[in-house]
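Participant: Let me see the structure of the following:
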Amino acid sequence: MQHLIKPLAVAIVAAFAAGAAPSVYAQGKDLKIALIAGKTGPLEAYAKETELGFMMGLEYLTKGTMAINGRKIKVIVKDDQSKPDLGRTLLAEAYGDDKVDLAVGTTSSGSAIAMLPVAKEYKKVLIVEPAVADAITQEKWNKYIFRTARSSMQDALAAASTLKSGSIGFLAQDNAFGRDAIEAGKDALKATGSKASTVHEEYAPAATTDFTAPTQRLFNALKDKPQPRVLAIVWAGPNPLNKIADMKPERYGIALAPGGNILPVMKTWKSYAGTEGTIYYYHGFPKNKMNDWFVAEHQKRYKMPPDMFTAGGMAAASAVFTALSKAPNAKNGDEMVAAMEGMSFETPKGTMSFRKEDHQAIQPMYHFRIKKDQKNEWDLLELVREIPATEMPLPVKNKR
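Facilitator: Next comes the predicted model:
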């Protein structure tokens, strides 16, 4: 596939230069939806969960018919390998060649950011799931962009709501995701009125396996600072919590605060009962009809409960279904945008809605504690409390 990317990209640039920007939605029998995800590469596990949740969501919402208003749904899945150039090319291919009605994607924030201008050029809606970088709904945003995924700032605001005072050190990946998340974390502390102060930040390459040096620097920076002392970990992929815990932060009165992760990762945290953090979704927390079906059906089919990225995929499917049901006769992207601004839709987390100003899905988050008494291999977390969206003052920064 790689040898096709360059000539196709050249063709796309030439079309844009000529002013080509198809705006009429496909009016054929089938409803076409592109799902772009990083199915190979470092975020493979997340991408596969997103795809599974997306397909289960459409199944649930269409009551198994996989049709909306009598029109069959055709999902075209594309693997961008978490590569920005490929993500951009595949989205242009989806809009231009496949004539999709809507697109959903992608896993990598870098790839998602690269895709945003393509949605604007083709004047078609892109629903971002699960990429979290704040820039997507801030400085890089355009009116065709909607996001069902939470943003880095929403993650940060949720975490900040649990940290009222003390000293914080951050460990994150040295990439757009990690730096974006830490910047959001510091802003969130101010926005929530927390008196906690950031004393040190460490950024390590995403492929890091030895965390000794950055962790020791964090310990040294935190050990004499006011209590509570918290080391907050923001990491996509295999989480370093276990390795950091092995260095015994409790010697310095330091508590670890992991962000939520996928179930196979959190399953390795059993030794840290009582440790608290915040998370986008955990199967046992929301109480609603959609989540009940989702958990039961996923357990039945795959012998485990749904994960956080599976839930995100289902949320994106609900946004697609609701939009296409609400505006079945939309002739172009502008009409679809008008239908989706302010739109509410049901998800496994409950009702979400796209904020009109920046199209970010407004949603609750969850404060968890790792369970001491776990009844089975997936009984991992207990709910401290649901954090309502009203307690997370998400700023509008897209300069619309």
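Participant: and the residue nearest the centre of the chain, what element?
Facilitator: The centroid of the chain falls nearest to Pro130 when counting by C-alpha atoms, centre = their mean (3.1 Å). Under the criterion of DSSP states H and E, Pro130 resides outside all helices and strands.
Participant: can you pull the contacts of it?
Facilitator: By C-beta atoms under 8 Å, 6 or more residues apart in numbering, the residues touching Pro130 are 46, 50, 107, 149, 309, 312-313. C-beta here means a position set from N, CA and C on the backbone, and glycine is covered the same way.
Participant: Let's see which of those residues end up in helices.
Facilitator: 46, 50, 309, 312-313 (DSSP state H).
Participant: Out of the residues you listed, give me the two with the largest separation.
Facilitator: Farthest-apart pair in the ones in helices among the contacts of Pro130 is Tyr46 and Gly313; separation 9.8 Å (C-beta to C-beta).
Participant: who's more crowded, the two?
Facilitator: When neighbours are counted by other C-beta atoms under 10 Å, Tyr46 and Gly313 differ, and Gly313 comes out ahead with 32 against 26.
Participant: measure the nearest residue to that one once chain neighbours are set aside to Asp307 for me?
Facilitator: Using C-beta to C-beta, 6 or more residues apart in numbering and skipping residues adjacent in sequence, the residue nearest Gly313 is Gly53, 2.7 Å away. Per C-beta to C-beta, to the nearest Å, Gly53 is found 8 Å from Asp307.
Participant: before we move on, what about Leu241?
Facilitator: Distance of Leu241 to Asp307, given as C-beta to C-beta: 17 Å.
Participant: And Asn220, by the same measure?
Facilitator: In this view, Asn220 and Asp307 are 36 Å apart by C-beta to C-beta.
Participant: again, but for Tyr280
Facilitator: Tyr280 is 10 Å from Asp307, by C-beta to C-beta.
Participant: who touches both of those two?
Facilitator: What both Tyr280 and Asp307 touch, as defined by C-beta under 8 Å, 6+ apart, is an empty set.
Participant: These two: who's more crowded?
Facilitator: Here Tyr280 and Asp307 are set side by side on neighbour count (other C-beta under 10 Å), and the busier one is Asp307, at 27 against 23.
Participant: ok, Lys399 touching Glu139?
Facilitator: Yes. When contacts are counted by C-beta atoms under 8 Å, Lys399 is listed as touching Glu139 (7.1 Å).
Participant: Same drill for the two, tell me which one is more crowded.
Facilitator: Comparing Lys399 with Glu139 by other C-beta under 10 Å, the one with more neighbours is Glu139, at 11 against 8.
Participant: before we move on, what SS does that one have?
Facilitator: At Glu139 the chain is in coil, as set by DSSP: H, G, I helix; E, B strand; the rest coil.
Participant: quick one: low-confidence ranges for the stretch 251-400 of the chain?
Facilitator: The model of the stretch 251-400 of the chain has no residue with pLDDT under 70.
Participant: for it, what spans make up the helices?
Facilitator: Ranges of helices in the stretch 251-400 of the chain, per DSSP state H, counting those that start in this stretch, are 263-266, 289-302, 308-326, 333-340.
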